[in-house]
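Novice: A structural model of the following input is requested.
(2 chains)
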Amino acid sequence: EADIYQTPRYLVIGTGKKITLECSQTMGHDKMYWYQQDPGMELHLIHYSYGVNSTEKGDLSSESTVSRIRTEHFPLTLESARPSHTSQYLCASSRGGYTEAFFGQGTRLTVV
Amino acid sequence: AQSVTQLDSQVPVFEEAPVELRCNYSSSVSVYLFWYVQYPNQGLQLLLKYLSGSTLVESINGFEAEFNKSQTSFHLRKPSVHISDTAEYFCAVEAGANNLFFGTGTRLTVIP
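Specialist: Residues are numbered from 1 along each chain as shown, chains lettered A, B, ... in the order given. Model (predicted):
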């Protein structure tokens, strides 16, 4: 069983609020990812990290930001939530080098 | 650039019938291919992967996929499905930049 955790699982929040989605892994993986998933659509990579102090933007433009101060922690922050941010956000980690990625259970965000 | 196409968004099939979920990819470099499964309200789990060697790969729960380089395909098959196989299935490719690109997913529904 994968040891990667996301909190919260579900979040309903008002427009304009600042939110942080938490993601932690206990596997010592260097590489971590954030994906955005909408129903019937592919997973879009929005951020990734190769290790501590490394953050990169993914293929889908996102207004969110990430940080990687510790290997095990990769939080995603939205400074001002909007209804267009309503989606499911999936965090993943891997050892890198063409190995499998392990996914958290996801955070389903609804902005009202 | 890499891309993944899953031709069928939904596949209903009767229990104990065979099923094939199609996946095609495009890439200008060597690829590594994965199938992930997502059960309701859960994150993605690796089902099987092709990295090198034999082009036919199998999972522990009876699924198999064959890497066909000439047709740029990695279709997923199972000879006899079970109710518990009902889930969303994602094909993914990793190449070059070490990032995973996902298809739009195929929802497999097994009918009793």
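Novice: For the most centrally placed residue in chain A, give the beta-bridge partners.
Specialist: With distances taken as CA atoms, centre = their mean, A:W34 lies nearest the centre of chain A, 3.2 Å away. Going by DSSP bridges, A:W34 is paired in beta bridges with A:H47, A:C91.
Novice: give me every residue that touches it.
Specialist: A:23, A:45-48, A:58, A:64, A:66, A:74, A:76, A:89-92 (CB atoms under 8 Å, 6 or more residues apart in numbering or on different chains). Heads up, the C-betas are built off the backbone N, CA and C, glycines and all.
Novice: same thing but 6 Å
Specialist: For A:W34, the contact set (CB atoms under 6 Å, 6 or more residues apart in numbering or on different chains) comprises A:46-47, A:76, A:91.
Novice: Let me know the pLDDT of it.
Specialist: At A:W34, the predicted lDDT confidence score is 95.
Novice: From chain B, how far off is it?
Specialist: Between A:W34 and chain B the distance, using CB to the nearest CB, to the nearest Å, works out to 12 Å.
Novice: Give me the distance from the helix or strand hosting A:T110 to the chain's centre.
Specialist: According to DSSP states H and E, A:T110 maps onto strand A:107-111. Once both centres are worked out by CA atoms, centre = their mean, to the nearest Å, strand A:107-111 turns out to sit 12 Å from its chain's centre.
Novice: In its sheet, which strands sit next to that strand, and in what direction?
Specialist: For strand A:107-111, the pairing partners within the sheet under DSSP bridges are strand A:10-13 (parallel), strand A:87-94 (antiparallel).
Novice: got the buried residues for that strand?
Specialist: If you call a residue buried by 16 or more other CB atoms under 10 Å in any protein chain shown, then strand A:107-111 has these buried ones: A:107-109, A:111.
Novice: same deal with stretch A:72-84?
Specialist: Within stretch A:72-84, the residues scored as buried using 16+ other CB under 10 Å are A:72, A:74-76, A:78, A:81.
Novice: immediately after the longest strand belonging to chain B, which helix or strand?
Specialist: For chain B, the strand that runs over the most residues, judged by DSSP state E, is strand B:87-95. In the C-terminal direction, the helix or strand that comes right after strand B:87-95 (DSSP H and E) is strand B:99-102.
Novice: Toward the C-terminus, what is the element adjacent to that next one?
Specialist: Moving toward the C-terminus from strand B:99-102, the next helix or strand (DSSP H and E) is strand B:106-111.
Novice: re earlier: for the record, mean pLDDT for the strand holding A:T110?
Specialist: Per-residue pLDDT values across strand A:107-111 average out to 94.
Novice: Give me the contacts around it.
Specialist: Contact partners of strand A:107-111, identified using CB under 6 Å, 6+ apart, comprise A:6, A:10-13, A:15, A:21, A:81-83, A:85-86, A:88-89.
Novice: again, only this time at 7 Å
Specialist: The set of residues that contact strand A:107-111 without belonging to it, under CB atoms under 7 Å, 6 or more residues apart in numbering or on different chains, is A:6, A:8-13, A:15, A:21, A:81-83, A:85-89.
Novice: if we can go back for a sec, by neighbours, which of the contacts of A:W34 wins?
Specialist: Across the contacts of A:W34, the neighbour count under other CB atoms under 10 Å in any protein chain shown reaches its highest value at A:C91, namely 29 neighbours.
Novice: Cross-check the contact I'm expecting between that one and A:A101.
Specialist: No: A:C91 is beyond contact range of A:A101, at 10.0 Å (criterion: CB atoms under 7 Å).
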